[in-house]
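Undergrad: have a look; sequence and predicted model below, questions after that.
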Amino acid sequence: MRHQEKIKIQRRRRRKLFWLFAATAVSALLFEEQAAVLYVLSALAICGVLMVLAFSNLAARDAEKQASASEKPLTKLIQIPGHWRLLPNNQESSPMAPPPYSREEQLQQQHC
């Protein structure tokens with residue numbers, strides 16, 4: 001077994017033990033009717049989650065996605081008499097051809 005696999009197994013084991021200990025501690029606090037301690041622990045946990053969210057670099061990730069998306073559009077907008085349709089770039093369609101309707105669109109048109 002490689003060293004990296006052993007480390008992964010140890011991390012899983014530690015994570016499992018942590019959650020087991022946390023569940024046991026919460027159960028013990030509930031059994032002892034220590035609601036105030038549970039409120040404090042839950043507030044600290046929420047603060048921790050918010051700190052992780054605050055320090056994550058979401059703006060840079062979104063800017064990177066936006067830059068890669070603007071290189072080549074995945075769809076094109078075509079006009080068919082009475083309709084505007086979004087078609088994938090790899091699908092060719094003449095302006096006069098009927099639009100390729102999905103099953104849901106066909107059902108909606110029947111009910112109108």
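TA: Arrived safely. Residues are numbered from 1 along each chain as shown.

Undergrad: what's the domain layout of this protein?
TA: Domain assignment for the chain by automatic domain parsing gives 3-67, 75-111.

Undergrad: of the ones you listed, which shows the lowest average pLDDT?
TA: Between those, the one with the least mean pLDDT is domain 75-111; it has a mean of 63.

Undergrad: tell me what the top helix by length along the chain is packed against?
TA: Ordering each helix of the chain by length in residues (DSSP state H) puts helix 3-31 first. The criterion is 3 or more CB pairs under 8 Å, 6 or more residues apart in numbering; DSSP states H and E, and the helices and strands that helix 3-31 contacts are helix 35-55. C-betas here are computed from N, CA, C, even on glycine.

Undergrad: who's in contact with the helix it packs on?
TA: Outside helix 35-55, the residues that touch it by CB atoms under 8 Å, 6 or more residues apart in numbering are 26, 29, 30.

Undergrad: now render those residues as CSV, adding distance to residue 41.
TA: Below are those laid out as CSV (distance: CB to CB, whole Å):
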residue, distance to residue 41
26, 8
29, 8
30, 12
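
Undergrad: CSV for these, including neighbour count and distance to residue 107?
TA: As requested, the contacts of helix 35-55 are exported to CSV (neighbours: other CB atoms under 10 Å; distance: CB to CB, whole Å):
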residue, neighbour count, distance to residue 107
26, 15, 49
29, 15, 54
30, 11, 51
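
Undergrad: nearest to residue 56, out of these: which one, please.
TA: Ranked by distance to residue 56 (CB to CB), the contacts of helix 35-55 are led by residue 26 at 26.8 Å.

Undergrad: alright, calling it a day.
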